[in-house]
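K.L.:
okay, predicted coordinates and the sequence, questions at the end:
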Amino acid sequence: MSKPKIIFLFLFLSLNSIAQVNSKILGKSYWLSQNENSEFFKSDTVEIISFSPLKSEKDKWNESKFKSELNDNKDFVELSFKSNHRLKFSTINIDTWEVSEFKGNQVWQFNEKKQTINLKFKALDLNFKIINLKYEIVKSRFSSENIKLVKIKLLKIK
């Protein structure tokens, strides 16, 4: 491989990992966490994933199975960032498919300059620093199409 191609490849890979998150990525968006329910609040790092809308009716029926597949068939959390900074937070139990939605006033704030996200629950305030942004295209056995993922790795900060 020639030297210019190697340099270009290195720059491309470097930019992918340090790309900054902007308000458009988070605002009015839906995410799920690959951490199990109890780990979401305890873990030092959390990865949240958003995926492109599934188009076919068959794929929409299989969306829950796809979410489970993304999460290695473990319990997961769903986060919905609303435009008015409201946060909808739910936990999903894979064994029973029970959805538990957190009640009360939950809000989120994003500081684009500092690349930080703040999630406020009733008696809990979680602060995260964005440490990685990655785009992927995956094929799932539960979808007839390729699915675009956005993955954001978060580091808990005090």
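P.N.:
Sure thing, it's come through.
K.L.:
and the pLDDT for the closest residue to residue 44 other than its chain neighbours?
P.N.:
Distances taken as CB to CB, 6 or more residues apart in numbering put residue 156 closest to residue 44, at 5.2 Å, once the chain neighbours are dropped. Just so you know, the C-beta spots here come from the backbone N, C-alpha and C atoms, and that holds for glycine as well. For residue 156, the model assigns a pLDDT of 94.
K.L.:
got the end-to-end distance for stretch 25-39?
P.N.:
End-to-end distance for stretch 25-39, by CA to CA, to the nearest Å: 24 Å.
K.L.:
same question, stretch 80-90
P.N.:
For stretch 80-90, by CA to CA, the gap between its terminal residues amounts to 9 Å.
K.L.:
quick one: the helices in the protein?
P.N.:
3-18, 23-26, 37-42, 57-61, 63-70 (DSSP state H).
K.L.:
elements contacting the second one?
P.N.:
So that's helix 23-26. Packed against helix 23-26 by the contact rule (3 or more CB pairs under 8 Å, 6 or more residues apart in numbering; DSSP states H and E) you find strand 107-111.
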